[in-house]
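*Asks:* Give me the fold of what follows.
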Amino acid sequence: MFDLFAVISPSLFIFACAVTLLGGFVKGAVGFAMPLVMISGMGILIAPDLVVAGIILPILISNGWQVARAGLGKARDAVVEHRRYITLVCVMILISAQFLRVIPADAMFVVLGVPVVVLCAIQLAGWRPRINPAWRRPFEWVAGTLAGMLGGLAGTWGPPTVLYLLALDTPRDRQMSVQGVIYGLGSVMLFLGHMKSGVLNAQTWPLSVALVIPAMAGMWLGFRLGDKFDQDKFRKATLLILIIAGANLIRRGVMG
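*Replies:* I've put the predicted structure just below:
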């Protein structure tokens with residue numbers, strides 16, 4: 001018999017469900033940011049390692065739903081073209097996940113907060129990196145390594161992947177195929193990595209399982225209502241709120 005409230009109080013569980021519902025809605029409406037919403041939101045009141053444990057199954061199942069809904073399309077060609085990046089992301093997620101439990105809590109707040117602020121600020125500013133074709137292979141190695149490290153520690157490798165594809169001027173239809181493959185495979189690696197690290201264990205499993213329900217409900221609402229408002233304005237407002245929440249995580253880590 002699993003006891004959900006052995007690791008989290010009822011009030012914090014309700015808070016986590018509300019944040020997850022919002023994250024699912026954002027993902028359903030604009031196709032991204034659920035891990036960022038969950039990390040920056042839940043991290044306000046909940047311990048970092050428990051936050052990461054809680055997001056694992058919602059990320060795995062929501063990415064599976066998103067990929068199935070969109071269809072893999074040109075996934076085979078996408079995997080062949082970006083095989084080095086995809087391999088590095090998956091390997092580094094598995095490796096970096098093993099270090100999560102040895103990082104002090106205060107440092108972990110900074111580890112979670114800095115990527116949220118930086119990645120959201122880059123997207124909000126609309127910056128698009130440009131890479132000379134001659135530097136493509138070194139760029140793939142560096143970008144894949146960094147994205148995988150962020151994935152294992154903070155559960156978010158989506159924004160770095162988007163920047164990587166933009167830097168290569170990837171056509172939008174191909175970009176969607178590559179993202180689907182990377183999000184799907186990365187989710188599996190995150191699950192396996194934290195099964196090995198012990199972050200996802202007999203005590204934290206019930207929380208991660210329970211948060212799947214509000215995540216799916218939020219995505220369903222996002223799919224249904226996403227076309228009824230200005231997506232660009234909603235996206236920018238979401239990024240701004242995430243920057244504020246991420247800055248608060250950094251503050252907690254620095255000030256203790």
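
*Asks:* Contact partners for the residue nearest the centre of the chain?
*Replies:* Closest residue to the average C-alpha location of the chain: Thr156 at 3.0 Å, with Cα atoms, centre = their mean. Contact analysis of Thr156 by Cβ atoms under 8 Å, 6 or more residues apart in numbering lists Pro35, Leu36, Ile39, Pro115, Val116, Leu119, Leu150. The C-beta positions use only the backbone N, C-alpha and C, and glycine is treated the same way.

*Asks:* isn't the fifth one right up against Ile241?
*Replies:* No. Val116 is beyond contact range of Ile241, at 10.6 Å (criterion: Cβ atoms under 8 Å).

*Asks:* still on that earlier bit, of the contacts of Thr156, just say which sits nearest to Phe191.
*Replies:* The closest of those to Phe191 turns out to be Pro35 (Cβ to Cβ; 13.2 Å).

*Asks:* burial measure for the closest one, as a count.
*Replies:* Other residues near Pro35 number 28, with proximity taken as other Cβ atoms under 10 Å.

*Asks:* Could you do Gln175 as well?
*Replies:* By other Cβ under 10 Å, 18 other residues sit near Gln175.

*Asks:* Before we move on, what's the pLDDT of it?
*Replies:* pLDDT for Gln175: 74.

*Asks:* quick one: contacts for it?
*Replies:* Shown in contact with Gln175 (Cβ under 8 Å, 6+ apart): Val162, Leu165.

*Asks:* With Met149 instead?
*Replies:* By Cβ under 8 Å, 6+ apart, the contact set of Met149 is Met92, Ser96.

*Asks:* Quick one: distance of the helix-or-strand element of the chain with minimal mean pLDDT to the chain centre.
*Replies:* Comparing helices and strands within the chain by mean pLDDT, DSSP states H and E singles out helix 75-81 as the least confident, with a mean of 74. Centroid displacement of helix 75-81 relative to its chain, using Cα atoms, centre = their mean, to the nearest Å, is 22 Å.

*Asks:* what's it packed up against?
*Replies:* Here helix 75-81 touches helix 172-197, going by 3 or more Cβ pairs under 8 Å, 6 or more residues apart in numbering; DSSP states H and E.

*Asks:* need the next SSE after the helix it packs on, C-terminal direction.
*Replies:* Per DSSP states H and E, the first helix or strand lying C-terminal to helix 172-197 is helix 205-225.

*Asks:* Give me the contact list for whichever helix or strand comes after that next one.
*Replies:* Using DSSP H and E, the helix or strand that follows helix 205-225 in sequence is helix 231-255. Residues from elsewhere that reach helix 231-255, judged by Cβ under 8 Å, 6+ apart: 26, 29-30, 33, 36-37, 39-41, 43-44, 106-117, 120-121, 123-124.
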